[in-house]
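K.L.:
Give me a 3D structure for the following:
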Amino acid sequence: MNWGTGLALAMGLFIAMMMTLVYKSVKQDLPLVTEQYYEVSLDYDRVQLGKSNYAALEEGIAARVEGGLLSVGLPAGFDAAEGSVYLYFAADASQDRTFDLAEARGVSTEGMRPGKWTVRVNWSQDGREYQAERIVFIQ
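P.N.:
Numbers count the residues shown, from 1 in each chain. Down below sits the predicted model:
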């Protein structure tokens, strides 16, 4: 085999490999964090204010999984707080869940896929809003 045939064969294999990679990447399903990017971006300032309010607290939130239950606890002094808990599973958007803060004191992990979950807590009390995130691992 001469060098021209080898070069043509190498280029042909390279083009076939690139076409295969492009085809596979186009067929890959990548779920978005949220479908409503515009609405979420409009809320950005409020979210940053909630995070800065949370950073000013002396005590943080608690999120832990024990005995098949996920419990979320707020810092001391937030007994009258109202808000929500959002559970985000990066590998599968269909697994994401939202709970009222009062329900999140003991959420069953039954039916939840094992892995890394992000717990995002939004709450307000006395006219101030707070937002915090914790990572939990469900077995």
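K.L.:
Check which strands are paired with the host helix or strand of residue 131 and give the direction for each one.
P.N.:
In this structure, residue 131 sits in strand 128-138 according to DSSP states H and E. Note on strand 128-138: by DSSP bridges, its sheet partners are strand 115-125 (antiparallel).
K.L.:
Tell me which residues of the partner strand come out buried.
P.N.:
Neighbour-count burial for strand 115-125, with 16 or more other CB atoms under 10 Å as criterion, is recorded at 117, 118, 119, 120, 121, 122, 123, 124. C-beta here means a position set from N, CA and C on the backbone, and glycine is covered the same way.
K.L.:
what is the mean pLDDT for it?
P.N.:
Strand 115-125 shows a mean pLDDT of 93.
K.L.:
next one: stretch 72-87
P.N.:
89.
K.L.:
Just the CA atoms of it, as CSV, please.
P.N.:
C-alpha atoms of stretch 72-87 as CSV (Å, rounded to 0.1, in the frame of the first residue of the first chain):
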residue,chain,number,x,y,z
VAL,A,72,-34.6,19.7,57.0
GLY,A,73,-34.1,22.0,60.0
LEU,A,74,-33.9,25.7,60.1
PRO,A,75,-31.6,27.7,62.5
ALA,A,76,-32.9,28.5,66.0
GLY,A,77,-35.4,31.3,66.1
PHE,A,78,-37.2,30.4,62.8
ASP,A,79,-40.1,28.5,64.3
ALA,A,80,-42.7,30.7,62.6
ALA,A,81,-41.0,30.7,59.2
GLU,A,82,-42.9,29.8,56.0
GLY,A,83,-41.3,28.5,52.8
SER,A,84,-40.5,25.6,50.6
VAL,A,85,-37.9,22.9,50.1
TYR,A,86,-36.8,21.9,46.6
LEU,A,87,-35.0,18.6,46.1
